[in-house]
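> here are the coordinates; sequence isn't available:
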């Protein structure tokens, strides 16, 4: 509930979900001026609404966030005057135009469909650094605080790994990186066996930063060649994931450090540090 000029109002807010939510996060992470990016996101999401669904009282506003990442969504409200029970509120809100938007909150094409190029172009037109992977279509950023200079998505499984679903003949059982230019995509390459290897301090996998597909990134020295040590687990609820900056966590050598070290410590304490492989200790 919020208090406006006309008294108390019951507010309903719908936040982007799925790939659209990832585009909001990666665009904000990529921004030179992240304060300005909040306003740019607000304008982009306003224009994202189809003309036939726009209403003067359907607004896009930032709302309180649980992390540094802004939580921006579409909002509409009804006055509380004359409403005495929650049933009254439900009846008053059910016809709000806002409730026509949920299918579009994932993607214009529907749930699990990649965002079209037009959506990225819309965000770019509002001054945002909106990038898509040419290999899989996921929104990506190379300014994630835990994956510096690595193109990474903020969904909770693949992170920096691309499935190459948009590039026929390029699929591979090995993990390969995202590319924003399709001409940069190459078939997965193999380790020579001569690379220096150390153990990851959290999963004990043998990792190397000399993998030809992942130069400078600590990557498993096995057939999977995964740069991901762990992902956000079931301890992280959907409410947290709206503005969660963590997606997947990198390997850290036993005697090394990482920009993600503090976040991993916090994630372990909070219960959402999930390792999909058996721990080898």
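Good, I have the coordinates. Because the structure is a prediction, the values reported are computed rather than measured.
> Whatever helix or strand residue 266 lives in packs against which elements?
If you go by DSSP states H and E, residue 266 is part of helix 261-270. Under the contact criterion of 3 or more CB pairs under 8 Å, 6 or more residues apart in numbering; DSSP states H and E, helix 261-270 touches strand 248-250. Using the backbone N, CA and C atoms, a C-beta is placed for each residue, glycine as well.
> Let's see that with 10 Å instead.
With contacts defined as 3 or more CB pairs under 10 Å, 6 or more residues apart in numbering; DSSP states H and E, helix 261-270 has these neighbours: strand 228-231, strand 248-250.
> longest helix of this structure?
Looking across the chain with DSSP state H, the single longest helix is helix 34-48.
> how about that helix: buried residues?
37, 40, 41, 42, 43, 44, 45, 48 (16 or more other CB atoms under 10 Å).
> Out of these, the closest to residue 15 would be?
In terms of CB to CB, no member of the buried residues of helix 34-48 lies closer to residue 15 than residue 45, at 9.8 Å.
> ok, back up a step: quick check: next helix or strand after the longest helix of the chain?
Following helix 34-48 in sequence, per DSSP H and E, is strand 59-63.
> if I look at residue 70, how far off is residue 39?
10 Å (CB to CB, to the nearest Å).
> Overlap in contacts, those two.
Residues touching both residue 70 and residue 39 (CB atoms under 10 Å, 6 or more residues apart in numbering) are residue 62.
> Give me whichever of the helices and strands packed on helix 261-270 is most buried.
Greatest average neighbour count among the helices and strands packed on helix 261-270 goes to strand 248-250 (a mean of 26), per mean count of other CB atoms under 10 Å.
> Just checking, which helix or strand of the chain averages the lowest pLDDT?
Least confident helix or strand of the chain, by mean pLDDT, DSSP states H and E, is helix 238-241 with a mean of 56.
> leaving aside the residues next to it on the chain, what's closest to the residue of the chain positioned farthest from its centre?
The centre of the chain is farthest from one residue, residue 82, which by CA atoms, centre = their mean lies 40.8 Å away. Of all residues not flanking residue 82 in the chain, residue 88 sits nearest, at 7.7 Å (CB to CB, 6 or more residues apart in numbering).
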